[in-house]
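**Q** This is a predicted model, with the sequence first.
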Amino acid sequence: MRPPSIDLDAWITFARRQRLAGWAAFLIESFEPLAPVGAQMLYLIEPVLGLRRSTTRRLARALEDEEARAALRRQLTEDSPAERRSGGRGRELRNGSD
């Protein structure tokens, strides 16, 4: 099995672009006891919503696995490579500070 960071890059990138990474990490942590139920919900709604099967299943598998959830939460809260190159400047600008 590949490491969670490789499998979930598309989801992490999407969350960051939509500025939902903080919220996603918060939800994963807050609803951690229900994460396996959330994974099952993803399996159920995947065909109804026409979601990409492979990427949706990767996220569902990550929600089912405790270590993968922790890795996902960590990746969502850490700086993106672009922010690291700019010294975190991108995050400051998004928050409205100088």
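**A** Noted; the coordinates are in hand.

**Q** And the strands in the protein?
**A** Applying DSSP state E to the chain gives no strands.

**Q** Could you find the residue nearest the spatial middle of it?
**A** In the chain, the residue lying closest to the centroid (CA atoms, centre = their mean) is I12, at 4.4 Å.

**Q** Do I have it right that that one meets L72?
**A** Yes - under the criterion of CB atoms under 8 Å, I12 makes contact with L72 at 7.5 Å. Every C-beta, even on glycine, is put in place using the N, C-alpha and C of the backbone.

**Q** follow-up on the earlier one: what sits against the residue nearest to the centre of the chain?
**A** A21, L72, Q75, L76 (CB atoms under 8 Å, 6 or more residues apart in numbering).

**Q** Could you report the pLDDT at it?
**A** At I12, the model reports a pLDDT of 90.

**Q** Just give me the neighbour total for the residue found closest to Q40 once you drop the neighbours it is linked to in the chain.
**A** Nearest residue to Q40, sequence neighbours excluded (CB to CB, 6 or more residues apart in numbering): A60, at 7.7 Å. By other CB atoms under 10 Å, 20 other residues sit near A60.

**Q** hang on, A60 packs against A39?
**A** Yes - using CB under 8 Å, A60 is in contact with A39, at 4.1 Å.

**Q** measure the residue nearest to E29 when sequence neighbours are not counted to L8 for me?
**A** Nearest non-adjacent residue to E29, counting by CB to CB, 6+ apart: R73, 5.9 Å away. The gap separating R73 from L8 is 11 Å, by CB to CB, to the nearest Å.

**Q** Comparing these two, which shows the higher neighbour count?
**A** Set R73 next to L8 and count neighbours by other CB under 10 Å: L8 wins out with 23 against 19.
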